[in-house]
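> Build me a structure from this.
(one chain, ligands or ions: 1)
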Amino acid sequence: MSLLALNGVSARLGPRPVLTDVDLTVRAGELVALCGPNGAGKTSVLRLALGLIPTMAGEARLGGDLVGELGPQARALRAAYLPQERHIAWNMPAIEIAALGAPFLAGPESLARARAALDQVHAGDLADRGVADMSGGERARVLLARALVADAPLLLADEPVAGLDPAAQLLVMGRLRSYANRGRGVLVSLHDLTLAARHADRIIVLDRGRVVADAVPSEALSDRVLRSVFGIAGQWLKSEGGPTLSILPYCE
Ligand SMILES: Nc1ncnc2c1ncn2[C@@H]1O[C@H](COP(=O)(O)OP(=O)(O)OP(=O)(O)O)[C@@H](O)[C@H]1O
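Numbering: from 1, shown residues only. Next up, the predicted model:
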């Protein structure tokens, strides 16, 4: 059974169609990257998967059930969400923010899990600091910890590496990889195609609300897709860790 399945899904935001006939699945053990230019519909896919945007056609299933028929708590138990927006209204200590990921656990247990998750993203030393007094990258790691604390079968992460330094980007991708390796599923939107190519089992490419590729990285990011969707050229290089994508400027 898929942790997430969108079948022929279309959606609108206001007057604008944002997704058209989207098919997509995420299974246990998979790290799937969602790539596409600005405005392609990546955030809309993640929000629709959580029932935050209604489907106009097709169906969205979370853990086998129609998402629209699940209450908020049932959705939260099936999927954790790391939104692109990193605003936190209250200046609470990082450990308390991270613990919010597991409101269903007793206080000491959720704090213990929060501490472990902060350690996992190398933010243990930030545990007692207010999140408003942190850099953007530090806060991003605290919010990732909050999503990891939920330990849901599926993790939906929207641009989790934006604004992070290179080592932190690799750390975050490594954590997402481990999460999937523990039999969970991860759907992560990424602009960095090289990172997506290196870490994802599959890449789904969206263009103007439609899926134009869904395959292993070297097939999904073909010359044609790189040029026609992203307006760039790339070269797949052989390396010890498998094929590596090198992005080149594309001149017509
Ligand atoms: N609240 C809204 N009302 C109307 N249209 C919206 C709204 N939010 C987003 N859109 C439009 O929906 C389309 C898809 O947006 P979405 O945020 O899903 O794209 P994205 O691929 O995540 O983009 P980015 O890479 O820039 O974050 C865009 O054309 C955008 O202008």
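
> So which residues make contact with stretch 35-48?
6, 9, 11, 13, 18-19, 22, 24, 34, 53-55, 60, 81, 84, 156, 158, 187, 189-191, 193, 196, 203-209, 220-221, 229-230 (CB atoms under 8 Å, 6 or more residues apart in numbering). Backbone N, C-alpha and C define where each C-beta goes, glycine included.

> Separate out the buried members of those.
6, 9, 11, 18-19, 22, 24, 34, 53, 55, 60, 81, 156, 158, 187, 189-190, 193, 196, 203-207, 209, 220-221, 229-230 (16 or more other CB atoms under 10 Å).

> filter the contacts of stretch 35-48 down to the ones near the ligand?
L13, V18 (CB under 6 Å from any ligand atom).

> related to what we said a few turns ago, of the buried ones among the contacts of stretch 35-48, which belong to strands?
6, 9, 11, 18-19, 22, 24, 34, 60, 81, 156, 158, 187, 189, 203-207 (DSSP state E).

> From A145, how far off is the residue lying closest to R184 once chain neighbours are set aside?
In this structure, R184 finds its nearest non-sequential neighbour in P153, 5.8 Å apart by CB to CB, 6 or more residues apart in numbering. Separation of P153 from A145 (CB to CB, to the nearest Å): 18 Å.

> now E59
33 Å.

> If you count surrounding residues, which of those two has more?
Higher neighbour count among E59 and A145: A145, with 31 against 13, using other CB atoms under 10 Å.

> Please verify my assumption that the more buried one contacts G124.
No. In this structure, A145 is not within contact of G124 by CB atoms under 8 Å, at 9.4 Å.

> Could you name every residue contacting both of these two?
Common neighbours of A145 and G124 (CB under 8 Å, 6+ apart) are L118.

> how about low-confidence regions in the chain?
Applying pLDDT under 70 to the chain flags the ranges 250-252.

> That one: strands as residue ranges?
4-13, 16-26, 31-35, 57-62, 65-66, 79-82, 154-158, 185-189, 202-207, 210-215, 233-237, 244-248.

> So which residues make contact with the second one?
Among residues not part of strand 16-26, those counted as contacts by CB under 8 Å, 6+ apart are 2-12, 32, 41, 44-45, 48, 53, 57-58, 154, 185-187, 204, 206, 209-211, 214.

> Please spell out the PyMOL selection for the buried subset of these.
The PyMOL selection below is limited to those of the contacts of strand 16-26 classed as buried (16+ other CB under 10 Å):
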select buried, resi 2+3+4+5+6+7+9+10+11+12+32+41+44+45+48+53+58+154+185+186+187+204+206+209+211+214
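
> how about the helices in the chain?
When secondary structure is read from DSSP state H, the chain shows helices at 42-49, 72-78, 94-99, 107-120, 136-150, 166-181, 193-199, 217-220, 223-230.

> Show me the one of those helices that comes nearest G241.
helix 193-199 (7.1 Å; CB to CB).
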